[in-house]
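> show me the folded form of this:
(chains A and B)
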Amino acid sequence: MARIDRIAEPWGTRTPYGSGADWPVRVDTHLAEGVAPEDVDRWVQTASLLHSNGDAMDIAVKDNKIVGVRGRAVDRVNHGRLGPKDLYGWQANASPDRLTKPLIREGGKLVETDWDTAMQRIVDKSKALLAEQGPSAIGFYTTGQLFSEEYYTLGTMAHGGIGTNHVDGNTRLCTATAGEALKESFGCDGQPGSYTDVDHADVIALYGHNVAETQTVLWTRMLDRLAGPNPPKIICVDPRMTPVARAATVHLAPRPGTNVALMNGILHQIITNGWVDQEYIQAHTVGYSELEKEVKNYPPALVAEICGVPAEQISEAASIIGHAERLLSTVLQGFYQSNQATAAAVQVNNVNIIRGMLGKPGCGILQMNGQPTAENTRECGADGDLAAFRNWSNDAHIQDLARVWNIDPMSIPHYSPPTHVMQMMRYAEDGSIRMLWVSGTNPAVSLPELARIRSILEQDRLFLVVQDIFLSETAQLADVVLPAATWGEKTGTFTNVDRTVHLSEKAVDPPGEARPDLEIFIDYAHRMGLQDKDGQPLIKWHDPESAFEAWKECTRGRPCDYTGITYDKLRGGSGIQWPCNEENPDGTERIYADGKFWAHPEYCETYGRDLITGAPVEPTEYKALNPEGKAIIKAAEYMPPHELPSQDFPLQLITGRTLYQFHTRTKTGRAPELQAAAPDVWVELSADDAGAYGIAEGDLAEVETPRGSVRARVRISGIRNGVLFLPFHYGYWDTKGGHQPDGAGRAANELTITDWDAASKQPIFKTAAARITRVSGGDGPSAAPTTTASAPVGGFPEDARTKGIATALADEATGTAGGTR
Amino acid sequence: MKFGLVLEEMHRSENDLAHHLLVISERHKVDHEIYHLARDLARWSQQHVRDIAAISKNYGQDLDPEPRGEAGLMETIREKGSEMVGRRPETGMLLLRDLRELYLKACGVSADWELLAQAAQGMKDKDLLGLAEKCHPQTIRQMKWANGKLKESATQILVS
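The predicted structure is shown next:
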């Protein structure tokens, strides 16, 4: 057993392995000061709720308090490893800031009340609005951090009970494009790849995916491959010098907003050189000739001009991808939150499709998620889609869902696509949405153009309900605040990026009167008197396990089939990958293995959209194009970003995340080791730009766009020239402003543009025109992490490098036995 | 030959469609997807105008290659107006009316491309047919966008 500072060394110690071998086990543990493993009363099974990797772990409980965590050696996802956010983040559960009583607004102020009063206020308002205007007055905006059971209850209640079309999750901001890209290419959501593809791949191409910071344990797996025999080649597309970029064989750093041009350039090379699997294309796809025609227009020389990347680099990357025998492609926010998000992510799918690299070991696509339970938001219909990937424009699917819920099909809104959150904000702005129920998310920091968002949420005519574990910026604007239980305080299941389902068990009681989200939703449904067509309660379940059983029934025969999973089956061993049913009782490692897809017109989740205009494809059109349900190759032309640099705003601003914080820091900002590692906002710019603007490391600078300004300390990093980076985590809950700036802005989203991808409706956080000016000098370097993409370039004082506080030492045990892959 | 008239009509109708898209964009600035997409789609029609003007020389026509301009001052006024009334429900009805008109105009342009493609085949003019094959699908996408937006927006506006 070794002790190691996992703030200074986020990925821990290498356990190298070669192609096709088993990834060695390494069990990571972190316990509170003074607690030894033998002091622990019990270990309670769960998985990580602070990123999307789905790392399985056990919570250590002593005297009915959470005192630490330990990775689960038997689990297929992490083989015992944990990331820094997992090791330290659990401490936030016991924060004294937790909400412990419901709050209601009285005389302009939030005051404590009891559950009955708070719920009655919500029910009275809901009933009044339904009577006066109907379901179009009510919207639900949830998260990527609740459990399946809770999302399914919320979706059933909103779609089947209230009958509103206004349901979305903050997964719209992180993973909507992942889902949409899979739907466009394969007719249905569902991750083609598996993490075990890392064990086999000879080329891993990461597109806008800084895996080293967003899924640290997945990167650890890649690092262990890189340290072993026959390491894979890495292709990295990212405008920042990320840890991935530093490890890459080829690093392409395109101008923000030009991903489609870059992908078309790579596809041009692959197709022109004949590095395609014609047999696979013939047998399993439609649309190839359109792609051939489109990418003809993107020779490397032209793409080099558009993207600001040397033509030779594009050719070299394409050649490595084109010669790969086992190609794993992964995609994240660098594509999802940028201009032409879906079109770009679909071109990555196209690379694997035309190379015939799907469904075999090492040959996969991982359209990544940003949040731990984002997959469930999508599956359960809490992102507005219908439950279990049912197709809103297929009447037979509506009938089937109505059968499951025992309601009239007409009660399920399916006359148009679901209302995404940015449109909901617009409806709240024009006054037609009059009640918004926000659960587990913080739009007052995470949505673009915050001055506008605050002005919408602050309106007297909008009744705002916020269900959260802390008094977030958004909760401070609410009319009713409901205190929720979180991870470790309630039971439920959730599913990670590669379809692995984990059980998360209750370890301790929630603080005060806080309640599980599931109980809150069920209570509301009963108080509202929501019924099925026989006059029975619409929500027929009463606890996590009965909710899970109901959800399983809803998934029967659908792609995300859970019917073979039970709570008992999830206890003790590894997580299980869906589909898991009678045919696949142990789950399914890779889907699409036989070149068969879930794209048949009668079965698919969607008929797709125009990648540029976002217009839904009509059912008849889809049936004509793809009668047999093959993979769909969709081409797209490059369209420039809507906001380009100008004389006034000569730079481009991208926002993003850091390894040590999660979302709006409600939890990680309350874990001392994590908060100390990345305590405040910073702005990154390149050494060339710093020279041009006379700005030095640690200076205070002001970043402005046409929408606002933010002040931050400067980090001179390896970012592309002409580009500024701001982390989006830092809001106002720990400042004097409370929910808004008190003087200078701090939240990156003060600056971002209200614009979104027409196909996935994901907001564009990574393409805004901006300028930077020096405000004053600093008294040392900025506090930005030095271990990550924000690593400084040039001389830097050793003692200012990122390291852990005294309590950051964690245990690492290698050589222990683990489970199967 | 009557064909000159077809080109002239085509040039006029694409110019008109581009202009209408820009007007919609400005008038509904607070509906951000309408604002951005209408501008993107206007660029397609503006390019069509240039292409038609270029090819019209082969048929002895002298059509202006410059798409009808955006009125700078009017644009600003409309955008400001949009921001001022953006919190009132009546703007929704105006949006539906504008989208309906857009859909009809795009249908008209689509029909014009049919006529032009038929004529091109009759005259065995490959360049002209190529132009129709390039432009007509974009017109249809403009049409579908207008129809899709209409469908998506109607319920909230009409029943709220």
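
> residue of the stretch 151-300 of chain A closest to chain B, please.
Closest to chain B within the stretch 151-300 of chain A is residue A:165: 7.5 Å, counting by Cβ to the nearest Cβ. For every residue, glycine as well, the C-beta is placed using N, CA and C.

> can you report how many residues neighbour residue A:426?
When neighbours are counted by other Cβ atoms under 10 Å in any protein chain shown, residue A:426 registers 21.

> state the helix or strand in which it lies.
helix A:421-430 (DSSP states H and E).

> a strand runs through the residue of the stretch 151-300 of chain A closest to chain B, doesn't it?
No: counting by DSSP: H, G, I helix; E, B strand; the rest coil, residue A:165 is not found in a strand; it is coil.

> list the contacts for it?
Applying Cβ atoms under 8 Å, 6 or more residues apart in numbering or on different chains to residue A:165 gives the contacts A:135, A:136, A:384, A:413, A:415, A:416, A:418, A:419, B:155.

> write out the residues of the stretch 401-550 of chain A neighbouring chain B.
Residues of the stretch 401-550 of chain A lying near chain B by Cβ under 8 Å from any Cβ of the partner chain: A:415, A:416, A:417, A:419, A:422, A:423, A:426, A:427, A:429, A:430, A:431, A:432.

> may I see the residues you listed organised as TSV, with pLDDT and distance to residue A:107 added?
TSV is the format used below for those (pLDDT from 0 to 100; distance: Cβ to Cβ, whole Å):
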residue	pLDDT	distance to residue A:107
A:415	86	41
A:416	86	40
A:417	90	41
A:419	97	33
A:422	98	33
A:423	97	33
A:426	96	30
A:427	96	28
A:429	95	26
A:430	93	28
A:431	94	24
A:432	95	28
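
> from those, which is closest to residue A:547?
Within these, proximity to residue A:547 (Cβ to Cβ) peaks at residue A:419, which comes in at 25.0 Å.

> so what's the closest one closest to, chain neighbours aside?
residue A:166 (4.4 Å; Cβ to Cβ, 6 or more residues apart in numbering or on different chains).

> same thing with residue A:779?
residue A:698 (7.3 Å).

> would you agree the one you found falls within a helix?
No: assessed with three-state DSSP, residue A:698 is coil; it does not lie in a helix.

> just the buried ones from the residues of the stretch 401-550 of chain A next to chain B, in PyMOL syntax?
Buried residues within those, by 16 or more other Cβ atoms under 10 Å in any protein chain shown, are selected in PyMOL with:
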select buried, chain A and resi 416+417+419+422+423+426+427+429+430+432
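
> near chain B, which residues of the stretch 101-250 of chain A?
Counting by Cβ under 8 Å from any Cβ, the stretch 101-250 of chain A sits next to chain B at A:133, A:134, A:136, A:137, A:165.

> nearest to chain B among these?
Distances from chain B to these, taken by Cβ to the nearest Cβ, are shortest for residue A:136, at 4.8 Å.

> help me confirm that that closest one is found in a helix?
Yes: applying three-state DSSP, one finds residue A:136 inside a helix.

> and it, how far is that from residue A:434?
9 Å (Cβ to Cβ, to the nearest Å).

> residue A:255 now?
Taken as Cβ to Cβ, the span from residue A:255 to residue A:434 is 42 Å.

> leaving out chain neighbours, which residue sits closest to residue A:344?
residue A:259 is the one closest to residue A:344 (Cβ to Cβ, 6+ apart), at 3.8 Å.

> wait, I meant residue A:294
Residue A:294 sits nearest to residue A:635 (Cβ to Cβ, 6+ apart), 3.7 Å away.

> how deep is that neighbour tucked in, by neighbour count?
21.

> now swap in the one 4 residues further on and tell me
Burial measure for residue A:639: 17 neighbouring residues, criterion other Cβ under 10 Å.

> residues of stretch A:577-593 that come out buried?
So, applying 16+ other Cβ under 10 Å, buried residues of stretch A:577-593: A:577, A:578, A:579, A:580, A:581, A:587, A:588, A:589, A:590, A:591, A:592.

> closest one of these to chain B?
Among those, residue A:592 lies closest to chain B (Cβ to the nearest Cβ), at 29.1 Å.

> what helix or strand is that closest one on?
Counting by DSSP H and E, residue A:592 is part of no helix or strand.

> how far does stretch A:410-427 sit from the chain's center?
Taking Cα atoms, centre = their mean, to the nearest Å, one finds the center of stretch A:410-427 at 21 Å from the center of the full chain.

> can you give me the end-to-end distance of it?
Using Cα to Cα, to the nearest Å, the end-to-end distance of stretch A:410-427 comes to 23 Å.

> what about residue A:126, which SS state?
Residue A:126 is classified as helix under three-state DSSP.

> pretty sure it is touching residue A:527, no?
No: the criterion here is Cβ atoms under 8 Å, and residue A:126 misses it with residue A:527 at 9.1 Å.

> so where is the chain shaky, pLDDT-wise?
Assuming you mean chain A. A:816-821 (pLDDT under 70).

> if you could check chain B rather than the one you did, that'd help
Short version for chain B, where the test is pLDDT under 70: B:1, B:70-89.

> let's see 90
B:1-6, B:59-61, B:67-92, B:159-160 (pLDDT under 90).

> how about the residues of it near chain A?
B:30-33, B:36-37, B:39-41, B:86-89, B:91-92, B:141-142, B:144-145, B:147-149, B:151-152, B:154-157, B:159-160.

> one step back: the residue nearest to residue A:294 contacts residue A:287, correct?
Yes: taking contacts as Cβ under 8 Å, residue A:635 lies within contact range of residue A:287: 7.3 Å.

> just put the residues of the stretch 101-250 of chain A next to chain B in CSV and tack on distance to residue A:673.
Compiled in CSV, these are given as follows (distance: Cβ to Cβ, whole Å):
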residue, distance to residue A:673
A:133, 49
A:134, 50
A:136, 46
A:137, 45
A:165, 43
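
> highest neighbour count among those residues?
Busiest of those [other Cβ under 10 Å] is residue A:137, holding 27 neighbours.

> how far away is that one from residue A:583?
Residue A:137 is 44 Å from residue A:583, by Cβ to Cβ.

> quickly find the element holding residue A:622.
For residue A:622, the element it lies in under DSSP H and E is helix A:619-625.

> which residues are contacting the helix or strand that comes right after that helix?
Per DSSP H and E, the first helix or strand lying C-terminal to helix A:619-625 is strand A:631-632. Identification of contacts with strand A:631-632 by Cβ under 8 Å, 6+ apart yields A:184-187, A:284-287, A:353, A:358, A:592, A:595, A:597, A:599, A:608, A:625-626.

> can you tell me if stretch A:616-623 touches chain B.
Yes: against chain B, stretch A:616-623 shows contacts by Cβ under 8 Å from any Cβ at residue A:616.
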